[in-house]
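# Dropping a prediction and its sequence here:
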Amino acid sequence: MIDRQQWKDLVQSRLEVLFEKTGKEGSLPSVVVQVPPKPEMGDLAFPLFAFAKAFGKSPVELANSLTEDINSLEDRPEGQAFAAGPYMNVRVDMLSLIENLCKKVDEEGSSFGSTKVLDGRNVMVEFSCPNTNKPLHLGHVRNDCLGNSISAILKASGATVMKVNLINNRGVHICKSMLAYKRFGNGETPESTGIKGDHFVGSWYVRFNDWAKEDPSAEEQAQQMLVKWEQGDKETLELWNLMNKWTIDGISETYRNTGISFDRYYYESDTYKLGKDKVLEGLERGVFQKQEDGAVYIDNSDIGLDKKILLRKDGTSIYITQDIGTAINRHEDWPFDSLVYVVASEQQYHFKVLFHVLDKLGYSWAKDLHHLSYGMVFLPEGKMKSREGTVVDADDLLLQLTAMAREEISEKGRDKDLEDPDKTAHEIALGALNYYMLQFDPQKDVTFNPKESLSFTGNTGPYIQYMGARISSILRNFAANEDIYKGVGFDASLLSNEEEREMFKLCGSLPELVTRASQSYDPSVLCSFLYDLCKIFSHWYHDNQVLDSGNKVLTVARVRLCKVVLTSLQNAMALIGIPFLEKM
RNA sequence: GGUCCUUUAGCUCAGCUGGAUAGAGCACUUCCCUCCUAAGGAAGGGGUCGUGCGUUCGAAUCGCGCAAGGAUCACCA
């Protein structure tokens, strides 16, 4: 909203003019614009240190003469310059900024904040990608939150987004749970036991690992089962279909509960053969090599990496074989301009190799593949290990958060004010979860400490939701008495204190922030925005009555501010998966 | 050993392209509901920004070295 570029150009050109007047030789460095550290220091700042040498003057003197020069110009952008030590600062004209922003927010409504920087681009985002042998855990939750949010952010930047999920339903790990079930299951089912399908299958995966400790042949049997599976053995495929369905049903329920959705599903079982063919094709063309024992590999020494097996000696495919097939299949399906893989940082090496393999196979779009790598989620005790039972289960976590939120509602005596307290509790839980998962820089590892992390106060999702609910409450009360304010005009000059200026400036910067979030694949930018905005609002709200301001014109102006803040809040919340609540 | 990442307050983290006294939350000590929802607000203590050099008028931010921690380098996914 503030035209930085315009001011920057002006300062640059005036400095050139002043420099010419000195009659000195040489050229000037380019001007830098920044935001002063405190609101009372204005809206823009131009440090003049770098010009001191050329002018042969101190930056302080230079700031004085530049300020005088600029303020004497007739046709400068709206605003006032002033010297602040070695800086020349500018206070822009807030009235027009406020009026323009109010108008823009009114016009754009729920799409305020969106931009067109990725207009016309087709972006595919792959995330979640569960295995069909166990339920989702905390690591998947971070993945889901990130994938969902980054998809929304890319969409808000103008891209056409295709959210895809790849189901890892093939491999030796799947055979493990099948084998254990076949051996020890006694025909039980999720229905007969009343256990959610994904948890049911997961328990057999655990059972396999216990069994493998006693019986050394277990691993080998699983490997044999995989060969049978690839050969299309009927009985194996039947069991596989049945158990996959159980898991996918269970996981789909978790998606529904956490507000995650996809536009298209892919299954590794559908693409591993294509991957295999492409690898063999590459072998024929001499892109890949064959070992003495028959395994096919790629020599990566040209990019400084080790060689990597692409096909086992028994001819079965491995993880990367499937990914090769999946990528090719997808580009044929929906020719994307870029494909973003949301996958944990531990797989950086894998993706480096995968992209290189696709490039070697001659796919020009290999350069448009991007690995959005995110840090691991650790527990205070260290890494989560399913075999040691230290995983934080996604369903349990959500239930626990919901129960906590429900209890808060009762404790605060809010039950009677809410239409559906259970639903509200669930939405608060989602707000807490999404905000927690997205507030950090994605590439950083996070330590999840249940006691400290599951909080509803301070810098949290519920705090953001609470501000939204408070503003909604004000606007509801205002709407109920609307006739009192009929015909009262909007006077932007009544919103000129530092906090009001800051809130308008911040809201006005939302489109820039969305752009930054999409370019850096980092939703945490929006978490900071929300928190900063709420913090200023709650301080302002504490000292400034909106409805009982004692002056109708003032009330109307403040309501206008509330609307701008609320719309900005709602739109940013939507991008990071925090449900907006009218009441809580 | 190779590659990549991290190191800022007791704990968990911000800090945009280098700039004006390094910021939050949690925890701790106080205060504020006759006031639009106290899931809130105000005040206070607490930091040689891992370390050493370098670039620069200026470095938490950029470069190099070192140290600590993590990930990865599977015919697991």
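Received the coordinates, thanks.

# for stretch A:385-404, what is the average pLDDT?
For stretch A:385-404, mean pLDDT is 86.

# Could you identify the helix or strand that succeeds the helix or strand of chain A with the lowest mean pLDDT?
Scoring the helices and strands of chain A by mean pLDDT, DSSP states H and E places helix A:450-453 at the bottom, with a mean of 76. Following helix A:450-453 in sequence order, the next helix or strand is helix A:461-480 (DSSP states H and E).

# And the helix or strand just after that next one, what's buried?
Using DSSP H and E, the helix or strand that follows helix A:461-480 in sequence is helix A:498-508. Under the neighbour-count criterion of 16 or more other Cβ atoms under 10 Å, helix A:498-508 has A:499-508 buried. In this view, the C-beta of every residue, glycine as well, is placed from N, C-alpha and C.

# where in the stretch 401-550 of chain A is pLDDT low?
For the stretch 401-550 of chain A, no stretch has pLDDT under 70.

# What are the contacting residues of the least confident helix or strand of chain A?
A:392, A:436 (Cβ atoms under 8 Å, 6 or more residues apart in numbering).

# That helix vs RNA strand B: in contact?
Yes - shown here: helix A:450-453 in contact with RNA strand B (Cβ under 7 Å from any atom of the strand) through A:Glu452.

# which ones are touching A:Lys307?
Applying Cβ under 8 Å, 6+ apart, we find A:Lys307 in contact with A:297-301.

# Check what pLDDT it gets.
Looking at A:Lys307, its pLDDT stands at 89.

# next one: A:Arg312
Note on A:Arg312: pLDDT of 89.

# and it, what are its phi and psi?
Note on A:Arg312: backbone dihedrals following degrees, to the nearest 10 are phi -70, psi 160.

# for RNA strand B, what are the nearby residues on the stretch 251-400 of chain A?
The interface of the stretch 251-400 of chain A toward RNA strand B, taken as Cβ under 7 Å from any atom of the strand, is made up of A:268, A:291, A:293, A:295, A:304-306, A:308-309, A:312-314, A:318-319, A:345-350, A:375-376, A:383.

# Out of those residues, which sit inside helices?
Those of these mapping onto helices are A:268, A:319, A:348-350, per DSSP state H.

# related to what we said a few turns ago, what subset of the residues of the stretch 251-400 of chain A next to RNA strand B is buried?
For those, a neighbour count by 16+ other Cβ under 10 Å gives the buried set as A:268, A:295, A:308, A:312, A:318-319, A:345, A:350, A:375.

# For chain A, which residue gets nearest to RNA strand B?
A:Gly458 (2.2 Å; Cβ to the nearest atom of the strand).

# What is the burial count for that residue?
Counted with other Cβ atoms under 10 Å, the neighbours of A:Gly458 add up to 8.

# so who does the nearest residue to A:Asn165 once chain neighbours are set aside touch?
Once flanking residues are discounted, A:Asn165 sits nearest to A:Phe262: 4.4 Å by Cβ to Cβ, 6 or more residues apart in numbering. Each residue near A:Phe262 by Cβ under 8 Å, 6+ apart is listed here: A:128, A:163-165, A:255.

# Show me the two of the buried ones among the residues of the stretch 251-400 of chain A next to RNA strand B that sit farthest apart.
The distance between the two most remote of these (Cβ to Cβ) is 32.8 Å, for A:Ala295 and A:Gly375.

# next one: phi and psi at A:Val172?
phi -70, psi -30.

# And it, how close does it get to A:Asn544?
64 Å (Cβ to Cβ, to the nearest Å).

# now A:Ile303
60 Å.

# So between these two, which is more surrounded?
Using other Cβ under 10 Å as the criterion, A:Ile303 and A:Asn544 rank with A:Asn544 on top: 14 against 11.

# residues contacting the more buried one?
Taking Cβ under 8 Å, 6+ apart, we find A:Asn544 in contact with A:Arg558.
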